[in-house]
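Undergrad: My questions are about this predicted structure, shown below with the sequence.
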Amino acid sequence: FSSKQWWTQIPPLVSLFKEAAKIAKDIPSFYELLTAPASKILNRWFDSEPLKATLATDAVIGAMASPEVPGSGYVLFHHIMGGVDGVSGAWAYVEGGMGGLSECIARSAVSHGVQIRCSTPVQEILVEGGTAYGVKLEDGTLIQADKIISNAAVHTTF
């Protein structure tokens, strides 16, 4: 939090804690669902190996993982409980692929005044008082902005 505006975060936190209190007894199960391997969850609920194998495919499809990988239980839940256009368990793909989604987001951002620079090496993120206010490019250009967004890996950004 910014030390200047820390109090503005109190109402959302109070709301979050109130909602969490409503499900307090279920938090361990919820945590397990998010972190456990799908195999552990499937073994708890089903005895049939063919059924577990069939359901396990939803935990690993598109994930490059096995049902034994921590977190695959969430992927299973997401794929089984999710849906498209009101159809539970349905799958959909972004028209134009993920690149199409990126292009759509970029067009929307530009229409709202955002300037996007690709393949523009940044030498330094300019920070004052703990707040980023701009960037210095490798060619020496200084760009100031209210918001600075980096798509680089964390170790590269910081």
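TA: That came through, no problem.

Undergrad: Every contact and neighbour count from this point should use C-alpha atoms.
TA: Noted.

Undergrad: Only the buried residues of the helix or strand hosting residue 109, if you could.
TA: In this structure, residue 109 sits in helix 97-111 according to DSSP states H and E. Residues of helix 97-111 classed as buried: none (neighbour count, 16 or more other C-alpha atoms under 10 Å).

Undergrad: Check stretch 69-83 too.
TA: Applying 16+ other C-alpha under 10 Å to stretch 69-83 flags 69, 70, 71, 72, 73, 74, 75, 76, 77, 79, 80 as buried.

Undergrad: Hmm, residue 76 and residue 89 touching each other?
TA: No: between residue 89 and residue 76 there is no contact under C-alpha atoms under 8 Å: 10.7 Å.

Undergrad: now the buried residues of stretch 69-83 in CSV, with secondary structure, pLDDT and distance to residue 117?
TA: Listed next are those as CSV, based on DSSP: H, G, I helix; E, B strand; the rest coil; pLDDT from 0 to 100; distance: C-alpha to C-alpha, whole Å:
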residue, secondary structure, pLDDT, distance to residue 117
69, coil, 95, 37
70, coil, 94, 37
71, coil, 92, 35
72, helix, 93, 36
73, helix, 91, 38
74, helix, 89, 35
75, helix, 88, 34
76, helix, 89, 37
77, helix, 86, 37
79, helix, 83, 35
80, helix, 83, 39
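
Undergrad: any idea how far residue 74 is from residue 123?
TA: Relative to residue 74, residue 123 is positioned 39 Å away (criterion: C-alpha to C-alpha, to the nearest Å).

Undergrad: Okay, now the unreliable bits of the protein?
TA: 1-4 (pLDDT under 70).
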